[in-house]
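> sequence first, then the predicted structure, then my questions.
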Amino acid sequence: MVATEKKDGTLRTCINPVDLNKLIRRPLYPIPSLEDITSKLHWVKYLSKLDARLGYWSLVLDDESSDLMTFNTIFGRYHFKQMTFGIISAQDVFQRRMEEALEGLDGFAVIIDDLLVFGSTLEEHNKQLVAVLESQSKRYQVQQNKMQLLCDIFWTYHY
């Protein structure tokens, strides 16, 4: 186990589950490429970027999976109750859950914990933004301090 510092100065607890990853059957859910996302944006005039708060930590593990996430420290044995970084299937599961949370909505693109909301008019953009925020509140919270509303520059993400 190691603790790493995040951009905001808080700590992130990390483990190296290389042995566990060898035993996991990855679900292989498609993660959109930059080309997939930019192809949706050719008509866009207004866009905003949102970031899902807690990311993988918002995925609660069942008891069996949680037991597999046991790790040792000098203070004793512990196990994660939420998904953590380093698990080979984490990004696939999280991407699927994010898309499921937004199913039926238009004017968005999601890649892992980043969401783009867009529209060809300000009214359309705002309508999509409200719909995405309402949908997200049911499963995930958006980090308000990382929201970039009505972005002028193109979005970069996890590649």
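Structure received.
> residues in contact with the helix or strand of the chain with the lowest mean pLDDT?
The helix or strand of the chain with the poorest confidence is strand 11-14; it has a mean of 79 (mean pLDDT, DSSP states H and E). Strand 11-14 has contacts (CB atoms under 8 Å, 6 or more residues apart in numbering) with 1-6, 84-86. Every residue, glycine included, has its C-beta placed from N, CA and C.
> ok, now stretch 119-130?
By CB under 8 Å, 6+ apart, stretch 119-130 touches 43-48, 105-108, 117-118, 149-150.
> check stretch 98-117 too.
Contact with stretch 98-117 is made by 31-32, 36-37, 40-41, 47-52, 55-56, 91, 94-95, 118-119, 124-125, 127-129, 131-132, 135-136, 138-140, 142, 155, 157-158, as judged by CB under 8 Å, 6+ apart.
> among these, which are in helices?
36-37, 91, 94-95, 124-125, 127-129, 131-132, 135-136, 138-139 (DSSP state H).
> report the central residue of this structure.
Asp113 (2.0 Å; CA atoms, centre = their mean).
> list the contacts of stretch 60-76.
Outside stretch 60-76, the residues that reach it (CB under 8 Å, 6+ apart) are 1, 15, 17, 20, 77-84, 87.
> local confidence estimate at the spatially closest residue to Ala131 that is not a sequence neighbour?
Excluding the flanking residues, the one nearest Ala131 by CB to CB, 6 or more residues apart in numbering is Leu105, at 5.2 Å. On pLDDT, Leu105 comes in at 84.
> tell me the SS of Leu105?
The three-state label for Leu105, taken from DSSP: H, G, I helix; E, B strand; the rest coil, comes out as coil.
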